[in-house]
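In: quick one, fold the following:
(2 chains)
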Amino acid sequence: MTPVVPTDKQIVIRIRGLYKSFGSQEVLRDINLDLSSDENLVILGRSGTGKSVLIKCIVGLEEFVDGYINVMGNDISQLDEFELNVIRKDIGFLFQGGALYDSMSVEENILFPLDRIARELSRAEKNDLVDEVLESVGLLDAKYKMPVELSGGMRKRAGLARTLVLKPRILLYDEPTTGLDPFTSEGISELIVSIKEKYKTAGIVVTHDMKSARITADRMIIMDQGQIIARGSYDDLKVIDHPIIKGFFN
Amino acid sequence: MATKKLSNFFIQLANIFAFTVLTVKYMFRRPFEHNEFVRQLFLVGYKSFGLISITAFIMGLVLTIQTRPVMEEFGAESWVPTMIFISIVIEIGPVITALLFAGRVGSRIGAELSSMRITEQIDAMEVSGVYPMKYLVTTRVLATTIMLPALVLYADFLALIGSYIGYAMHNTIGIVLFIREAFDELAFSDLIPATIKTFFFGFFIGILSCFTGYNTNRGAEGVGIATNSAVILSSLSIFIIDLIAVQITEILIQ
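Out: Purely as a prediction, here's the structure:
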C-alpha cells in the first residue's frame, strides 16, 4: 500500500515497514504512515489490532522487530536512553486511564514532570503553567483533588493537562474516549480538537469510537489484524465497500 | 519441563542482576530525588516502628522466660543476660527484624510498584522524560538499606528491655547490672558483622521487592503475584545472605 504523505507540510513522524511481534504472534505488519505537524491522524480499529502497540513503539515504550520510525528527524531505534528522553519531552502521551500518579494531587501530578524537566523555571512560573493547562482542559477547580476523587473523564483531562504542561509538539492519545459516557466522550473529543488549535500540536488518536474519530480526525487510518487496510478522510472511507470498514460506519 | 524451569530460573537471576546494576547506576545520577527519598525513609522506617517495637520486646521477653529454667537446671542462670543478648544481637535480632521488614515493607513496595505498572503510571513517567528507575527504585532501595540497620539496633535495644523484664520476674536484679552482664561477653567486633549484614538484608529486600513490582505484566493477578514474590524472595535472600555472612565471619575469625 502506498503511504499517504502530506507533501506540503513538515513531517513530524514517519514510519516505514514496521513489524512488531509478541513471541510468535505478529501484532504489527508492514506499517507505513506519516504525520504532518498540523494534523490529527486517527487510527481506527477493533480491539487487539495493534493500534496502542503502534503508538507505544513511536514513543519507545515497545521495541519493534523491523522497520523504521523517525520522530522529528530522529531514528527512534538508534537513540540511547538519554537521547530518547530528550525526544520524549516533545511527545505527549495520554494513556487510556489517564495514568495519574495516585499518591499525588492533580497539581502535584502536573508539577511532577515540570519539576524534573523544566528546572530553569521559577516556582511562580511553574504554578502559572499549571493553572494555564488546567484551565485549558477545564479542570482548574480540581487542582487540589486526588486522582481517586476524579471521574473517568476528569482523569483523562488531568492526564492531558500533565502532558500539555511540557509543551509537546506531538500528542499521542491512546483510546481517549474509552469507558466514558457519550456526553463526556464528545467533550474529550472536542477538547482534542481545541488543544490542537491552541497549542499547535500534531496528534495521533487511537480509538475504536467512530463518533470521536469523526470529530477529531483530519485524516484517518483503519487497521485490522496488525495491518493498515484503508486510509483517507472520513468521507473517503465512508464509501469503501469493506466489511470491517462498513462495520465502523454502521 | 525441568530444563525449562532451570533455564527460567537463570534468566530471572540474570534479570535481577541487571536490575541491580541499573539501580546502582541510577544512584549516582544527579540530581538526586531528595523529597521522595525522605518520604520513603518515613514510610519504610517510621511506619515500621510499631510492628518492630512490639515484636522485639516480646522476642526478648519470651526468649528469656523460656531459656531461664533450662539455664537454672545447669546452674548457669547468671549467664542468661549474656546468652540472650548475644543471640539477639548476632542472629535473632537482625534475622527476625529483617523478616518482619520484608513482610511489611517488601509487600508494600511490590504491590505499589506493580499497581503503578499495570495502571501505566510507570510508562507515563518514562514517556514524560522522567527516569522511573531513579525516582521509584533507587529511593526505595536506599531507604530500605539505611532504615533496616537502624531498626535492627532499635529492635536489639527493645529485646534487651523485654529480656530484663522476663529475667526480673524471677530474679532481683537492677537494669544497670543486667545490661552490664548482657554486654559482658559481647565484643565490639561481634557487632560489626551483625550490623554489616543488615545493610545487605535491607539492600536486597529493596532490590527484590522493586524488581518484582517493577516488572509485573499480568494485570490485577500480577499485583498479587508481585506482592507474594516480593515477600518470598526477600525472605529467602535474608537466609542466604545470613548463611554467607556466617561463613565469611567464621573465615575471618579463624
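
In: how about residues contacting the lowest-mean-pLDDT helix or strand in chain A?
Out: Lowest by mean pLDDT, DSSP states H and E among the helices and strands of chain A is helix A:243-249, with a mean of 86. Applying CB atoms under 8 Å, 6 or more residues apart in numbering or on different chains, the contact partners of helix A:243-249 are A:44, A:46, A:208, A:210, A:222, A:224, A:229, A:230, A:237, A:238, A:240. Bear in mind the C-beta positions are built from the backbone N, C-alpha and C, glycine included.

In: now these: which count as buried?
Out: A:44, A:208, A:210, A:222, A:224, A:229, A:230, A:237 (16 or more other CB atoms under 10 Å in any protein chain shown).

In: got the residues of chain B near chain A?
Out: Contact residues (CB under 8 Å from any CB of the partner chain) of chain B with chain A: B:116, B:119-121, B:123-131.

In: wait, which of these is closest to residue A:116?
Out: residue B:130 (5.1 Å; CB to CB).

In: who's in contact with that closest one?
Out: By CB under 8 Å, 6+ apart, the contact set of residue B:130 is A:112, A:113, A:116, A:117.

In: if you set the cut-off to 10 Å instead, what comes out?
Out: Going by CB atoms under 10 Å, 6 or more residues apart in numbering or on different chains, residue B:130 touches A:85, A:88, A:89, A:112, A:113, A:115, A:116, A:117, B:33, B:122, B:124, B:136.

In: can you redo those residues as JSON lines with pLDDT and neighbour count?
Out: Output for those, formatted as JSON lines (pLDDT from 0 to 100; neighbours: other CB atoms under 10 Å in any protein chain shown):
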{"residue": "A:85", "pLDDT": "89", "neighbour count": "18"}
{"residue": "A:88", "pLDDT": "90", "neighbour count": "24"}
{"residue": "A:89", "pLDDT": "89", "neighbour count": "18"}
{"residue": "A:112", "pLDDT": "94", "neighbour count": "20"}
{"residue": "A:113", "pLDDT": "92", "neighbour count": "22"}
{"residue": "A:115", "pLDDT": "92", "neighbour count": "15"}
{"residue": "A:116", "pLDDT": "89", "neighbour count": "17"}
{"residue": "A:117", "pLDDT": "88", "neighbour count": "18"}
{"residue": "B:33", "pLDDT": "91", "neighbour count": "19"}
{"residue": "B:122", "pLDDT": "95", "neighbour count": "24"}
{"residue": "B:124", "pLDDT": "94", "neighbour count": "27"}
{"residue": "B:136", "pLDDT": "96", "neighbour count": "26"}
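
In: in helices only, show me these.
Out: A:85, A:88, A:112, A:113, A:115, A:116, A:117, B:122, B:124 (DSSP state H).

In: tell me the contacts of the nearest residue to the last one once chain neighbours are set aside?
Out: Translated: residue B:124. Distances taken as CB to CB, 6 or more residues apart in numbering or on different chains put residue A:99 closest to residue B:124, at 3.9 Å, once the chain neighbours are dropped. Contacts for residue A:99 (CB under 10 Å, 6+ apart) come out as A:93, A:109, A:147, A:155-156, A:158-159, A:162-163, A:174, B:116, B:119-125, B:127-128.

In: could the ones in helices among the contacts of residue B:130 go into JSON lines alongside distance to residue B:178?
Out: Formatted as JSON lines, these follow (distance: CB to CB, whole Å):
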{"residue": "A:85", "distance to residue B:178": "58"}
{"residue": "A:88", "distance to residue B:178": "61"}
{"residue": "A:112", "distance to residue B:178": "52"}
{"residue": "A:113", "distance to residue B:178": "56"}
{"residue": "A:115", "distance to residue B:178": "52"}
{"residue": "A:116", "distance to residue B:178": "53"}
{"residue": "A:117", "distance to residue B:178": "58"}
{"residue": "B:122", "distance to residue B:178": "51"}
{"residue": "B:124", "distance to residue B:178": "56"}
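
In: out of these, who's nearest residue B:75?
Out: Closest to residue B:75, out of all of these and judged by CB to CB, is residue B:122, at 61.9 Å.

In: looking at chain B, which helix or strand is least sure?
Out: For chain B, counting by mean pLDDT, DSSP H and E, that's helix B:175-184 with a mean of 84.

In: on that earlier part again, distance to residue A:78 for the residues of chain B next to chain A - can I get that in TSV?
Out: Formatted as TSV, the residues of chain B next to chain A follow (distance: CB to CB, whole Å):
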residue	distance to residue A:78
B:116	29
B:119	31
B:120	26
B:121	28
B:123	22
B:124	24
B:125	23
B:126	18
B:127	18
B:128	22
B:129	18
B:130	22
B:131	20
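
In: count the residues that sit near residue 212.
Out: Defaulting to chain A. Other residues lying near residue A:212 total 26 when counted by other CB atoms under 10 Å in any protein chain shown.

In: ah, no, chain B please
Out: Neighbour tally, residue B:212, other CB under 10 Å: 28.

In: residue ranges for the helices of chain A, please.
Out: Using DSSP H, helices in chain A cover A:51-58, A:81-88, A:106-117, A:123-136, A:152-164, A:182-199, A:210-216, A:234-238, A:243-249.

In: what does the stretch 101-250 of chain B give?
Out: B:107-118, B:121-127, B:132, B:139-168, B:175-184, B:188-214, B:219-253 (DSSP state H, counting those that start in this stretch).

In: figure out which of those is closest to residue A:50.
Out: helix B:121-127 (17.0 Å).

In: pull the CA atoms of the closest one into CSV?
Out: Output of helix B:121-127 as CSV, limited to C-alpha atoms (Å, rounded to 0.1, in the frame of the first residue of the first chain):
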residue,chain,number,x,y,z
GLN,B,121,1.9,5.2,35.8
ILE,B,122,5.5,4.0,35.3
ASP,B,123,5.1,4.2,31.5
ALA,B,124,3.7,7.8,32.0
MET,B,125,6.9,8.7,33.9
GLU,B,126,9.0,7.2,31.2
VAL,B,127,7.3,9.0,28.3
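
In: tell me what it is packed against?
Out: Counting contacts by 3 or more CB pairs under 10 Å, 6 or more residues apart in numbering or on different chains; DSSP states H and E, helix B:121-127 is packed against helix A:51-58, helix A:81-88, strand A:91-94, helix A:106-117, helix A:152-164, helix B:107-118, helix B:132.

In: contacts for the helix or strand just after that helix?
Out: Using DSSP states H and E, the helix or strand that follows helix B:121-127 in sequence is helix B:132. With CB under 10 Å, 6+ apart as the test, helix B:132 has contacts from B:26, B:113, B:116, B:117, B:121, B:122, B:123, B:124, B:125, B:126, B:214.

In: run the chain-centre distance for helix B:132.
Out: 24 Å (CA atoms, centre = their mean, to the nearest Å).

In: same deal with stretch B:162-177?
Out: 29 Å.

In: mind listing what's buried along that stretch?
Out: Taking 16+ other CB under 10 Å as the criterion, stretch B:162-177 shows B:162, B:163, B:164, B:166, B:167 as buried.

In: quick one: contacts for the residue of the stretch 151-254 of chain B found nearest chain A?
Out: Per CB to the nearest CB, residue B:217 is where the stretch 151-254 of chain B lies closest to chain A, at 10.8 Å. When contacts are counted by CB under 10 Å, 6+ apart, residue B:217 touches B:114, B:117, B:118, B:225, B:226.

In: over to residue B:70?
Out: B:76, B:77, B:80.

In: the first one: how many residues sit nearby?
Out: For residue B:76, the count of nearby residues is 12 (other CB under 10 Å).
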